[in-house]
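Visitor: Return a 3D structure for these sequence lines:
(2 chains)
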2 protein chains.
Amino acid sequence: MSYLDRIRECNEHDLARFRPLVVGGAGIGWVRPDMAAHLARHADVFAVEDSRVTLDPSLTDFASRSAAIARALADLRDGGAISGWRGELYPVKTAFAAKPLFQMERAAVPRLGVRAYGVHMNGYVRRGGAIEMWIARRSRTKPTFPGMLDNMVAGGQPIGIGLADNLVKECGEEAGIPPALARRAVPVGAISYIKEVDEGLKPDVQFCFDLELPADFVPRPVDGEIESFHLMPLDEVARLVAQTREFKFNCNLVAIDFLMRHGFISPEDPDYLEIALGLHRAAPT
Amino acid sequence: MSYLDRIRECNEHDLARFRPLVVGGAGIGWVRPDMAAHLARHADVFAVEDSRVTLDPSLTDFASRSAAIARALADLRDGGAISGWRGELYPVKTAFAAKPLFQMERAAVPRLGVRAYGVHMNGYVRRGGAIEMWIARRSRTKPTFPGMLDNMVAGGQPIGIGLADNLVKECGEEAGIPPALARRAVPVGAISYIKEVDEGLKPDVQFCFDLELPADFVPRPVDGEIESFHLMPLDEVARLVAQTREFKFNCNLVAIDFLMRHGFISPEDPDYLEIALGLHRAAPT
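Guide: This is a model prediction of the structure:
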């Protein structure tokens, strides 16, 4: 196993099985046949054709689109077609900086194959010349990926909050990092992938941050999302990423990006370029 | 003007005008009609067809391929079809870590549209909380891009030397950085682009390194490639990259990658994701 195996696993998908979801003339998602059949039962909201699924063109603004989609999704949830309801709203946009076309329940985002954004933070300590990373273990009772390893702090990007503020909020809620310390986190880039999952498609982007922590800082689980934190030498992080599937799938990419940016992966590694390119996939078109 | 303008300029090309160069069954380059006409006069070495250019299949090993190509290229040079001869040999490979198929004169590499590799180093100083970068100005007498701005140290990757050793060598030759200091440079990733130039196509990769220098270190031009070095605040580097064309084209991408990795570009920048993806283009296929 290798870093590239983790990158490939995050990019397993067969787009031929999906049809584009079109809103206001723009393709903003991908719908699999199982979900298309569910959406077809809401013909007042979705026009389901063989080649595409279109939001009803009478829905022309944020409010009316959001309300109509919320009704359809709640019905699907009540009928058992959508599980894991979060009660958290995500914006849907043609690009990260674009005006939201509508907002929708987080649990349904992969079911419509809409791009989701998140913030992931590598927390690390310098000890002598060496770097050690704080790695989180997710709660065993979390509905998604229970008990798996995670970046020190990570969260989805909901509507109505900026990236930096969201990161500071997650730092406090997940790891007990005070705001003044969390605000020192440095934005260092973004990773992307296109993964087919049970629920649908995740053509997602994670904004990456690095936070160098004082050697005596010890994170503590606050909101119950994380079970425990572990300070690990980089070679242990590298082993867990490359040789195991203990990390939640996309956290591997954030860690690999950290390892590459901090010189832990040699440019003479035969996979180096494929790793550098593989962390930065364009959205499907 | 913007960072994205620089990235787009490094990716201007019309591949439809090129035909693949095939060696031993593998596509390893791209030839424009002007060069194809020249190669057609060496039918013992190159089979020029409308759809592709193929190295004569009787040339099956490194030595015979390199010798035959060297003869053809020297003849084209003598006839005026290749200028700027360097007397420096580059390996030609299907991937960076692959065994070289042959070696060839550096000046002819873009004429055959073969991927070239280089090492580029960002030299920087931390002053208080701020970063300043050492920027090089190329000699006014250099045949390529005279007088333009450049990364502190940069060089092509010739045959027969590793990336780290090549960087240490370039650090000494271009900037007077002693080997013990140069070896502290950290590999931080790679950028790639596909640019059509007067000579042909450059589908190239630059391996990027960061070197934090002591605040009192002053680089000095040694081999005459560089005219002068200038220590600049990051906002001045950012301005020169985004608002001017003073940098040699590909050095912009290395600087943008540095600005992104060191938190100088906000993830709320509407271009952020396009920049992150745009620095990492796959080779043309």
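
Visitor: So what pairs up with the closest residue to residue A:277 other than its chain neighbours in the strands?
Guide: In space, and not counting its chain neighbours, residue A:277 is closest to residue B:280: 4.9 Å by CB to CB, 6 or more residues apart in numbering or on different chains. For every residue, glycine as well, the C-beta is placed using N, CA and C. Beta-bridge pairing for residue B:280 (DSSP bridges): residue B:192.

Visitor: Can you name the next helix or strand after the longest helix along chain A?
Guide: Longest helix of chain A, by residue count under DSSP state H: helix A:62-78. Later in the chain than helix A:62-78, the nearest helix or strand by DSSP states H and E is strand A:89-92.

Visitor: Who are the contact partners of the residue in the stretch 1-150 of chain A that chain B sits nearest to?
Guide: Using CB to the nearest CB, the single residue of the stretch 1-150 of chain A nearest to chain B is residue A:97, 3.5 Å away. By CB atoms under 8 Å, 6 or more residues apart in numbering or on different chains, the contact list for residue A:97 reads B:268-270, B:272.

Visitor: next one: residue A:221
Guide: Here residue A:221 is in contact with A:139, A:174-176, A:227-229 (CB under 8 Å, 6+ apart).

Visitor: Residue A:155 now?
Guide: By CB under 8 Å, 6+ apart, the contact list for residue A:155 reads A:118-119, A:166-167, A:169-170, A:174.

Visitor: Could you dump those residues into JSON lines with neighbour count, secondary structure and pLDDT added?
Guide: Putting the contacts of residue A:155 into JSON lines (neighbours: other CB atoms under 10 Å in any protein chain shown; DSSP: H, G, I helix; E, B strand; the rest coil; pLDDT from 0 to 100) gives the following:
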{"residue": "A:118", "neighbour count": "22", "secondary structure": "strand", "pLDDT": "98"}
{"residue": "A:119", "neighbour count": "27", "secondary structure": "strand", "pLDDT": "98"}
{"residue": "A:166", "neighbour count": "19", "secondary structure": "helix", "pLDDT": "98"}
{"residue": "A:167", "neighbour count": "28", "secondary structure": "helix", "pLDDT": "98"}
{"residue": "A:169", "neighbour count": "17", "secondary structure": "helix", "pLDDT": "98"}
{"residue": "A:170", "neighbour count": "24", "secondary structure": "helix", "pLDDT": "98"}
{"residue": "A:174", "neighbour count": "26", "secondary structure": "helix", "pLDDT": "96"}
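
Visitor: interface residues of the stretch 1-150 of chain A facing chain B?
Guide: A:95-97 (CB under 8 Å from any CB of the partner chain).

Visitor: So residue A:106 is in contact with residue A:144, correct?
Guide: No - using CB atoms under 8 Å as the test, residue A:106 is too far from residue A:144 to be in contact (10.7 Å).

Visitor: which residues are common contacts for these two?
Guide: With CB under 8 Å, 6+ apart, residue A:106 and residue A:144 have no common neighbours.

Visitor: middle-most residue in chain A, spatially?
Guide: The centre of chain A sits closest to residue A:118, judged by CA atoms, centre = their mean, with a distance of 4.9 Å.

Visitor: Next, the nearest residue to residue A:179 once chain neighbours are set aside: secondary structure please.
Guide: The shortest distance from residue A:179 to any non-neighbouring residue, by CB to CB, 6+ apart, is to residue A:168 (5.2 Å). Following DSSP: H, G, I helix; E, B strand; the rest coil, the label given to residue A:168 is helix.

Visitor: tell me the contacts of residue A:168?
Guide: A:179, A:182-183.

Visitor: what about it, distance to residue A:181?
Guide: 9 Å (CB to CB, to the nearest Å).

Visitor: Could you check how far the spatially most distant residue from the centre of chain A is from residue A:24?
Guide: Here chain A reaches farthest from its C-alpha mean at residue A:128, the gap being 33.1 Å by CA atoms, centre = their mean. Look at residue A:128 and residue A:24: by CB to CB, they are 56 Å apart.

Visitor: one step back: out of the contacts of residue A:155, which one sits closest to residue B:132?
Guide: residue A:167 (26.8 Å; CB to CB).

Visitor: ok so, going back, in a markdown table: the contacts of residue A:155, plus distance to residue B:149.
Guide: Compiled in a markdown table, the contacts of residue A:155 are given as follows (distance: CB to CB, whole Å):
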| residue | distance to residue B:149 |
| --- | --- |
| A:118 | 36 |
| A:119 | 34 |
| A:166 | 37 |
| A:167 | 34 |
| A:169 | 41 |
| A:170 | 39 |
| A:174 | 43 |
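
Visitor: so residue A:118 touches residue A:207, yeah?
Guide: Yes - counting by CB under 8 Å, residue A:207 is a contact partner of residue A:118 at 7.1 Å.

Visitor: Now the common contact residues for the two.
Guide: With CB under 8 Å, 6+ apart, residue A:118 and residue A:207 have common neighbours residue A:157.

Visitor: before we move on, which element is residue A:255 in?
Guide: helix A:249-261.

Visitor: tell me what that helix is packed against?
Guide: Helix A:249-261 sits against helix A:3-9, strand A:117-127, strand A:149-151, strand A:186-192, strand A:205-212, helix A:234-243, helix A:272-278, strand B:186-192, with contacts defined as 3 or more CB pairs under 8 Å, 6 or more residues apart in numbering or on different chains; DSSP states H and E.

Visitor: will you turn these into CSV that also has distance to residue B:199?
Guide: Formatted as CSV, these follow (distance: least, CB to CB, whole Å):
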stretch, distance to residue B:199
helix A:3-9, 33
strand A:117-127, 41
strand A:149-151, 45
strand A:186-192, 32
strand A:205-212, 37
helix A:234-243, 40
helix A:272-278, 23
strand B:186-192, 19
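
Visitor: So which of the ones you listed is nearest residue B:42?
Guide: strand B:186-192 (30.3 Å).

Visitor: For that closest one, name the packing helices and strands.
Guide: If contacts are counted by 3+ CB pairs under 8 Å, 6+ apart, strand B:186-192 sits against helix A:249-261, helix A:272-278, strand B:205-212, helix B:249-261.

Visitor: How far off centre is stretch A:189-197?
Guide: 7 Å (CA atoms, centre = their mean, to the nearest Å).

Visitor: Residues contacting stretch A:258-268, please?
Guide: For stretch A:258-268, using CB under 8 Å, 6+ apart, the contacting residues are A:3, A:122, A:124, A:131, A:133, A:188-189, A:208, A:210, A:234, A:237-238, A:241, A:256, A:272, A:275-276, A:279, B:97, B:162-164, B:186-190, B:207, B:261.

Visitor: PyMOL command to pick out the buried ones of these?
Guide: In PyMOL, this line selects whichever of the contacts of stretch A:258-268 come out buried by 16 or more other CB atoms under 10 Å in any protein chain shown:
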select buried, (chain A and resi 3+122+124+131+133+188+189+208+210+234+237+238+241+256+272+275+276+279) or (chain B and resi 163+164+187+188+189+190+207+261)
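
Visitor: Residue A:224: helix or strand, and which one exactly?
Guide: Per DSSP H and E, there is no helix or strand for residue A:224.

Visitor: Find the nearest non-adjacent residue to it, please.
Guide: In this structure, residue A:224 finds its nearest non-sequential neighbour in residue A:139, 5.9 Å apart by CB to CB, 6+ apart.

Visitor: Poorly predicted segments of the stretch 1-150 of chain A, please.
Guide: Nowhere does the stretch 1-150 of chain A drop to pLDDT under 70.

Visitor: Look up the residues forming beta bridges with the nearest residue to residue A:152 once chain neighbours are set aside.
Guide: Distances taken as CB to CB, 6+ apart place residue A:123 nearest to residue A:152, at 3.5 Å, with adjacent residues excluded. Assessed by DSSP bridges, residue A:123 has beta-bridge partners residue A:134, residue A:211.
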